[in-house]
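Enquirer: Predicted structure and sequence below. I'll ask about it afterward.
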Amino acid sequence: MKVFVTGGNGFIGSRVVHALCEQGHEVRCLLRESSDRSRIEGLNYETHIGDLRDADSLARGAEGCEGVIHLASISSWAAIRSPLMREVVVDGTRNLLEACKRTGKPRMVFVSSVTAIGATLGPDIQTEQSAFDLPEEPFIYAHAKRDAEALCRSAFEDDDLPVITINPCEVWGPHDDDFITAEYARDTLKDWPALTVTGGTALAHVDDIATGIVSALLKGRPGERYILGGDNVAAPELTRMILEAG
């Protein structure tokens, strides 16, 4: 399968590109001229220069592809409140969906976030059908992902575009050079005494998440959303794990 990947040079995206190449798929990566490609260095992939805010460049990128994996997003803590958040996450997803409609309606995986599922005050298990009731402030990222999911659902229901939504949990692993999740570990090891909070989250290794994303492209049911999560871990237990490993 020939697959167009946005965000393929990122922490999770690079592992998706590795997994696709290892399985023998042809990969075309959406990149900017200034993109850091060190995580996918040495892999056999085609470079497509473009931008999520440029619908025509996305159509050219998706042309001839049987699959699309959309990972590109604003995720750094410093940019959560940036004006680019909705421009990239929501408008960029809209542009890519339109590009897919114009280029033969390939299977598409939208990589959302478990934050778009929601959260609870107690240790309650959530599912893909859980009610989302987080306030927009401070959960700007969750709302942006949620709105992008709604666009994907409409594209499936109204235009018969085969879109699958993936909701990864908290992702850990090597090459998190931007410290998206690794910042928690760094701060825990840096400060003494090590402080923790109440609550918890689901954790998974980046390679397991990447495998799940590729599996969703190949086997997922269009119109569905899938939580990708590992063990549920309480925050104090996570702090203990970091201290023991460090």
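Expert: Here it is on my side, so go on. Residues are numbered from 1 along each chain as shown.

Enquirer: So what's the gap between the worst-scoring helix or strand of the chain on mean pLDDT and the chain middle?
Expert: Least confident element among the helices and strands of the chain, by mean pLDDT, DSSP states H and E: helix 182-190 (a mean of 79). How far helix 182-190 lies from its chain's middle: 22 Å, per Cα atoms, centre = their mean, to the nearest Å.

Enquirer: On the three-state scheme, the residue of the chain most remote from its centre is what?
Expert: Here the centre of the chain is the reference, and by Cα atoms, centre = their mean the most remote residue is P193, at 33.1 Å. On the three-state scheme (DSSP: H, G, I helix; E, B strand; the rest coil), P193 is labelled coil.

Enquirer: Equivalent analysis for T93, please.
Expert: T93 - assigned by three-state DSSP - is helix.

Enquirer: Show me what the helix or strand harbouring A216 is packed up against.
Expert: In this structure, A216 is located in helix 206-219 according to DSSP states H and E. Using 3 or more Cβ pairs under 8 Å, 6 or more residues apart in numbering; DSSP states H and E, the elements in contact with helix 206-219 are helix 11-22, strand 67-70, strand 107-111, strand 163-168, strand 170-172, strand 225-228. C-beta here means a position set from N, CA and C on the backbone, and glycine is covered the same way.

Enquirer: The residue nearest to E66 when sequence neighbours are not counted and P135, how far apart?
Expert: Leaving out its chain neighbours, the residue that sits closest to E66 by Cβ to Cβ, 6 or more residues apart in numbering is M1, at 4.8 Å. Distance from M1 to P135, counting by Cβ to Cβ, to the nearest Å: 40 Å.
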